[in-house]
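>>> generate a structure from the sequence data that follows.
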Amino acid sequence: MHYQSLFGNSPATAGLREAYAMKNDTVPDAGHRKVLSAFFWWTAWSTVTERPDSNISYTSNWPSEPLVGNRPPASTFVWSAFSVIFVIAGIALLGWHHAVSAGRREESHSFPATDPMSMVRVTPSMKATAKYFWLLLAMFLLQILLGSITAHYQIEGQYQYGVNLSDILPYSITRTWHTQLAVLWIATAWLATGLYIAPAISSHEPKFQRLGVN
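The predicted structure follows:
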């Protein structure tokens, strides 16, 4: 009943909706609210109810809940430790292979007399990457805007400077996209930089490269 009230429009949970910056009637359909409550109950049940003839839950006691004696099994820690050891061993093996195959002395390097990037000729595909950089700039600015809205919800709850913005952009949406946009604009930056820098340092542009960029 609590979640059916919280995700609805009940005055009993109005204070919580304001604290969570949730709009009223987040889930307007009463049937959907009932199903949502059942889903919350099922996920909680599956993490604490032991499997038949076993001392771990259906989720291998994750997340653990000490209040009901539900703690991670020893195998969780054992395999976690093994995974770290295997990673370290793999890195050590690669280091050993490089030391043996590449020799023990560092080869001398010759540096160019001038900066090779100072004479870069901008190719059509390099120009085509401009849209990527404009896009990532837009996503970056939008991330800042949503971050400021998310932070301000901590002050006014459902409101932004007196405007009930939670009806349009509830806290769950602003925080989700504030986080996701960081992934998206960083990935776009990596992609755009790679597409731009490859012809610049290779002095070669493959056929149909601009078409591929577009």
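
>>> just name the shakiest helix or strand of the protein by mean pLDDT.
Using mean pLDDT, DSSP states H and E, helix 14-19 stands out as the lowest-scoring helix or strand of the chain, at a mean of 89.

>>> got the contact list for the following helix or strand past that one?
Where DSSP states H and E defines the elements, the next helix or strand beyond helix 14-19 is helix 30-48. With C-beta atoms under 8 Å, 6 or more residues apart in numbering as the test, helix 30-48 has contacts from 1-4, 7-8, 27, 57-59, 61-63, 65, 68, 70. (Glycine included, C-beta is placed from N, CA and C.)

>>> stretch 4-14 now?
Stretch 4-14 is contacted from outside by 2, 16-17, 22, 24-28, 30, 33-34, 36-37, using C-beta under 8 Å, 6+ apart.

>>> ranking those residues by neighbours, who comes first?
Within the contacts of stretch 4-14, R17 tops the neighbour count with 24 neighbours, counted by other C-beta atoms under 10 Å.

>>> just to revisit the earlier point, looking at the contacts of stretch 4-14, which is nearest I85?
Proximity of the contacts of stretch 4-14 to I85 (C-beta to C-beta) peaks at L36, which lies at 42.3 Å.

>>> separation between the closest one and Q158?
From L36 across to Q158, the span is 20 Å (C-beta to C-beta, to the nearest Å).

>>> for G90, same thing?
From G90 across to Q158, the span is 51 Å (C-beta to C-beta).

>>> and those two? Which one has more around it.
When G90 is set against Q158 and neighbours are counted by other C-beta under 10 Å, the residue ahead is Q158, at 21 against 10.

>>> how close does the more buried one get to L6?
For Q158, the distance to L6 (C-beta to C-beta) stands at 14 Å.

>>> list residues touching both of the two?
Common neighbours of Q158 and L6 are listed as 17, 22 (criterion: C-beta under 8 Å, 6+ apart).

>>> take the contacts of helix 30-48 and keep only those in helices.
Judged by DSSP state H, the subset of the contacts of helix 30-48 located in helices is 2-4.

>>> out of the residues you listed, flag the one nearest to T179.
Nearest member of the ones in helices among the contacts of helix 30-48 to T179, counting by C-beta to C-beta, is Y3, at 23.6 Å.

>>> excluding its backbone neighbours, what's nearest that closest one?
Leaving aside its chain neighbours, Y3 sits nearest to S37 (4.3 Å; criterion: C-beta to C-beta, 6 or more residues apart in numbering).
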